[in-house]
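1. Would you be able to build a 3D model of this:
(one chain, ligands or ions: 1)
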Amino acid sequence: MLQEEARKLDRFIQLLLANATVFVSGEKLAGSLKVSRMTICNWVHRLQAQGMVIEIKPKIGYRLTQVPDLLLPQLIRRELHTKVLGRSIYHYFQVKSTNDVAHQLAQQGLPEGTLIMAEEQTQGRGRLGRDWYSEKSVGIYLSLILRPDLKPRHAAIINLAAAVAVSRVIECTCSLTTDIKWPNDILVNSKKCSGILTEMSADLDQIKYMVVGIGINVNHQSFPKSLQEQASSLFLEGGRRFSRTEIILALLRYFEDLYLELQEQGSDVVLEQWIRRSSFARGKEVSVDLGDKKIHGTTVGLGKEGTLRVKLCSGQIEDIVSGDVVIWERPN
Ligand code: BTN
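-> Residues are numbered from 1 along each chain as shown. Model prediction:
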């Protein structure tokens, strides 16, 4: 769906929500959104297919009577108490990837804190060229545009800050215990329930903008066979459904608090919290796939810029900037 059409559809839902107790005529809706009555009729059918209950009275109009669990910006805006994150919100029913939309919007100059959410991604992207499984309306698929005053080499800290915020939300809002696998996989009972893909556009010495893409498996009841061993959801681990809206509201608040602290006080505030929340920070025997080689060793903390420090058997310490970390299964 084109962005302009998606914005209008969002306005349309807003109008239906604002008039939830009365019938609104197709003509009035079409007039205020500057679209044809036929478009309104098509949108109504599309929303009905998404689970919205909309009554249709010929010659009178439309009335919204029931809203399914959708990430409606109007509801999020009403409860949001942040200064920066989520002050401008874009919601889509289906996109290829919210990170792709965020890049387009950032290039058009949209401000820091712009939030892009989708009910479904058809080409959700993960780290290291992987896909991100994005089943419709059960997960959180969002991206945030940030414009931090940081040198590109400090960008990894933002990534760790996002992981701390997600871990805190899952612990505080869902009462589940989390672990963070470097750099930013959030595990519950050793299974991955959330991942973060941070991308940036930068000059040699200045970040132009960053896109922080966060995926959280919230109410998934099952996963494709290929993912079942590593992936899980908050529903599967917690034994109940969770409100995606509530999780997003808390996430934006925690991430903003840490993001502002980071800019005022420097990276230690993030590093300390990350280390406190992760069993991978120290004393974990890990293998790291660096693409061209694999190393084994024991973790000995984080470097100033968010690198994972691994002590090899030779005693030498490697600072990992990017790679896939797994628990080392020592050969017998
Ligand atoms: C990973 O662990 O590999 C990172 C997964 C990141 C997934 C999120 S979902 C929202 C945003 N849009 C994407 O295409 N990817 C990120």
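
2. now the strands: where do they sit in this protein?
-> 53-57, 61-66, 89-95, 115-121, 140-146, 178-181, 185-188, 191-202, 207-216, 282-289, 294-302, 308-312, 317-320, 324-327 (DSSP state E).

3. As a markdown table, those with distance to the ligand, mean neighbour count and mean pLDDT would be great.
-> C-beta coordinates here come from the backbone N, C-alpha and C atoms, glycine included. Rendered in a markdown table, the data for the strands of the chain read as follows (distance: least, CB to the nearest ligand atom, whole Å; neighbours: other CB atoms under 10 Å; pLDDT from 0 to 100):
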| stretch | distance to the ligand | mean neighbour count | mean pLDDT |
| --- | --- | --- | --- |
| strand 53-57 | 28 | 13 | 93 |
| strand 61-66 | 28 | 17 | 90 |
| strand 89-95 | 8 | 21 | 89 |
| strand 115-121 | 6 | 24 | 96 |
| strand 140-146 | 4 | 26 | 98 |
| strand 178-181 | 10 | 20 | 98 |
| strand 185-188 | 6 | 24 | 98 |
| strand 191-202 | 2 | 21 | 97 |
| strand 207-216 | 3 | 23 | 97 |
| strand 282-289 | 14 | 16 | 95 |
| strand 294-302 | 18 | 18 | 95 |
| strand 308-312 | 15 | 19 | 97 |
| strand 317-320 | 16 | 16 | 95 |
| strand 324-327 | 10 | 15 | 90 |
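
4. need those strands in JSON lines with distance to residue 76, can you?
-> Converted to JSON lines, the strands of the chain look like this (distance: least, CB to CB, whole Å):
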{"stretch": "strand 53-57", "distance to residue 76": "21"}
{"stretch": "strand 61-66", "distance to residue 76": "18"}
{"stretch": "strand 89-95", "distance to residue 76": "6"}
{"stretch": "strand 115-121", "distance to residue 76": "8"}
{"stretch": "strand 140-146", "distance to residue 76": "10"}
{"stretch": "strand 178-181", "distance to residue 76": "23"}
{"stretch": "strand 185-188", "distance to residue 76": "21"}
{"stretch": "strand 191-202", "distance to residue 76": "19"}
{"stretch": "strand 207-216", "distance to residue 76": "15"}
{"stretch": "strand 282-289", "distance to residue 76": "37"}
{"stretch": "strand 294-302", "distance to residue 76": "33"}
{"stretch": "strand 308-312", "distance to residue 76": "34"}
{"stretch": "strand 317-320", "distance to residue 76": "36"}
{"stretch": "strand 324-327", "distance to residue 76": "33"}
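
5. Out of those, the one nearest residue 10 is which?
-> In terms of CB to CB, the element of the strands of the chain nearest to residue 10 is strand 89-95, at 5.7 Å.

6. what lines up beside the closest one in the sheet?
-> When sheet partners are counted by DSSP bridges, strand 89-95 sits next to strand 115-121 (parallel).

7. Measure how far the strand it pairs with is from the centre of its chain, please.
-> In terms of CA atoms, centre = their mean, to the nearest Å, the centre of strand 115-121 is found 8 Å from the chain centre.

8. Equivalent analysis for stretch 76-86, please.
-> Stretch 76-86 has its C-alpha centroid displaced from the chain centroid by 15 Å (CA atoms, centre = their mean).

9. just stretch 129-137 next, same as before
-> Offset of stretch 129-137 from its chain centre (CA atoms, centre = their mean): 11 Å.

10. again with stretch 251-259
-> The offset between the C-alpha centroid of stretch 251-259 and the centroid of the whole chain comes to 13 Å, using CA atoms, centre = their mean.

11. what does that stretch rub up against?
-> Counting by CB atoms under 8 Å, 6 or more residues apart in numbering, the neighbours of stretch 251-259 from elsewhere in the structure are 80-86, 115, 140, 144, 146, 148, 158, 161-162, 164-166, 168-169, 214, 269-270, 273.

12. Show only the entries of those found in helices.
-> Counted as lying in helices by DSSP state H, out of the contacts of stretch 251-259, are 158, 161, 162, 164, 165, 166, 168, 169, 269, 270, 273.

13. Could I get those residues in TSV, plus columns for distance to residue 59 and neighbour count?
-> Output for these, formatted as TSV (distance: CB to CB, whole Å; neighbours: other CB atoms under 10 Å):
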residue	distance to residue 59	neighbour count
158	54	26
161	55	28
162	51	28
164	56	25
165	51	26
166	50	28
168	53	20
169	48	26
269	62	17
270	59	26
273	60	20
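
14. Taking these together, which two end up most distant?
-> The distance between the two most remote of the ones in helices among the contacts of stretch 251-259 (CB to CB) is 17.8 Å, for 169 and 269.

15. okay, now residue 175: neighbour count?
-> Taking other CB atoms under 10 Å as the criterion, the count of residues near residue 175 is 9.

16. who touches it in this structure?
-> Shown in contact with residue 175 (CB under 8 Å, 6+ apart): residue 238.

17. distance of it from residue 195?
-> Counting by CB to CB, to the nearest Å, the gap from residue 175 to residue 195 is 21 Å.

18. for residue 57, same thing?
-> Applying CB to CB, one obtains 46 Å for the distance of residue 57 from residue 195.

19. for residue 180, same thing?
-> Between residue 180 and residue 195 the distance is 11 Å, computed by CB to CB.

20. Mutual contacts of those two, please.
-> Contact with both residue 180 and residue 195 is made by residues residue 186, according to CB under 8 Å, 6+ apart.
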